[in-house]
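# Here is my input, please return the structure:
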Amino acid sequence: MLRTDFTELLALRHPIACAPMGGVAGGALASAVAEAGGLGMIGAGTSADRDFLEHELGLINTEKPWGVGFLTWGLDMPTVATALESRPTAIMLSFGDPSPYAEAVHAAGAKLIIQVTDLDEARRALDVGADLLVAQGGDAGGHVGRKAIGTLSFVPSVVDLAAGVPVLAAGGIADGRGLAAVLALGAAGAVIGTRFEASFEAVVTAEVTKALLDAHGADTERNTVLDIARGSAWPDRYPARTLRNTVIDRWQHREDELRADTATLAELRAAIDREDPDAMPIWAGQALGLITAVAHADEIVHSIAAEAERILARVNGFRVE
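Residues are numbered from 1 along each chain as shown. Below is the predicted model:
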């Protein structure tokens, strides 16, 4: 087994966490990852998604460590309180000011995980008492920092800044090679999203799964177009990496024009409501090409951990002359 500060802190078997992908990572996925020895997390989104949170909390079926992740820019205390009533092991806050919620999380006995996209966010997370940091690089699927740099460049900088607070790496990690790489950089584990999005337990349609398996990392694009198209309130400083589609191709770099085009927006929102795959966002990271089949979440956890163990054992046997 790979023992790290992350596995010790949360009593995990493997230094692997499922990213709390909003609307994708529900109670079934969180439970399956937890049962396999990783940290499973529900992607609770914002306070506007409270119905999803309450439903998915009811599907948690594990006594092992699990957590809930929120988008801090759209959060309120009653929603956090709802999650804490179910006694999660950890709460993860991303994309916004975590300070209003830190005390409540710790008072409930949960660990506070804060995802950061730059060093200023990392400093603020440490100031409010984060138990773990997640260093999210620009390789990640879903929303990322506008100025986010690559995961392999960003993680060591956060590790150095954190000065002993465990750091998890996120972005572009889909197999044991990626996990081994970030552990070598000083991370205590990895937060993995897109690989678990292509699992049987994820809350996604068959069309989304097919699109993921048919695509490669070069088919992804960071954009704000699809947030505008669906009327999302996401702050502009956090674009999203999604599969490229015709809507992005048409409106990329014309975002202000799209915001003003009410007729087109109405058409796009109707297409998104009917889950048209060429209009809706399909979150995907740059490691997408490494994902070739759907698998059960426990198989994903075990295979990533086993591959990382083999790689690190082999590296440990290298001769240095």
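# Using CSV, write out every CA atom in the helix or strand harbouring Asp120.
Asp120 is part of helix 119-127, with elements assigned from DSSP states H and E. In CSV, the C-alpha atoms belonging to helix 119-127 read as follows (Å, rounded to 0.1, in the frame of the first residue of the first chain):
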residue,chain,number,x,y,z
LEU,A,119,-0.6,30.6,-5.1
ASP,A,120,-2.7,33.5,-3.8
GLU,A,121,-5.7,31.1,-3.3
ALA,A,122,-3.3,28.6,-1.6
ARG,A,123,-2.1,31.3,0.9
ARG,A,124,-5.7,32.2,1.8
ALA,A,125,-6.6,28.5,2.2
LEU,A,126,-3.8,28.0,4.7
ASP,A,127,-4.8,31.2,6.5
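# remind me which residues of the protein are low pLDDT?
318-321 (pLDDT under 70).
# try 50 this time
Scanning the chain for pLDDT under 50 picks out no residues.
# The helix holding Asp120 packs against which elements?
The elements that helix 119-127 packs onto, with contact taken as 3 or more Cβ pairs under 8 Å, 6 or more residues apart in numbering; DSSP states H and E, are strand 111-116, strand 132-136, helix 151-162. Quick note: C-beta positions are derived from backbone N, CA and C, even for glycine.
# Out of these, which is the most enclosed?
Comparing the helices and strands packed on helix 119-127 by mean neighbour count (mean count of other Cβ atoms under 10 Å), strand 132-136 ranks first with a mean of 29.
# what's the angle from that strand to strand 111-116?
On the basis of axes from the mean of the first three to the mean of the last three Cα atoms, to 10 degrees, strand 132-136 is oriented at 20 degrees to strand 111-116.
# Show me what strand 132-136 packs onto, helices and strands only.
Contact here means 3+ Cβ pairs under 8 Å, 6+ apart; on that basis strand 132-136 packs against strand 90-94, strand 111-116, helix 119-127, helix 151-162, strand 167-170.
# got the buried residues for the first one?
It refers to strand 90-94. Neighbour-count burial for strand 90-94, counted by 16 or more other Cβ atoms under 10 Å, picks out 90-94.
# again with the shortest one
Burial within strand 167-170, assessed by neighbour count using 16+ other Cβ under 10 Å, is assigned to 167-170.
# so what's Ala240 bridging to?
Taking DSSP bridges as the rule, Ala240 bridges to His143, Asn223.
# Tell me, how many residues neighbour it?
Neighbour count of Ala240, defined by other Cβ atoms under 10 Å: 22.
# Tell me who's in contact with the spatially closest residue to Phe200 that is not a sequence neighbour.
Ranked by Cβ to Cβ, 6 or more residues apart in numbering and with sequence neighbours excluded, the top spatial neighbour of Phe200 is His296, at 5.3 Å. Counting by Cβ atoms under 8 Å, 6 or more residues apart in numbering, His296 touches 32, 199-201.
# can you redo those as TSV with neighbour count, secondary structure and distance to Pro277?
Shown next, in TSV, are these (neighbours: other Cβ atoms under 10 Å; DSSP: H, G, I helix; E, B strand; the rest coil; distance: Cβ to Cβ, whole Å):
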residue	neighbour count	secondary structure	distance to Pro277
Ala32	25	helix	25
Ser199	25	strand	19
Phe200	15	coil	19
Glu201	23	coil	21
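# closest to Gly23 among those?
The closest of the contacts of His296 to Gly23 turns out to be Glu201 (Cβ to Cβ; 13.7 Å).
# Would you confirm that the closest one contacts Ala28?
Yes: in this structure, Glu201 is within contact of Ala28 by Cβ atoms under 8 Å, at 4.5 Å.
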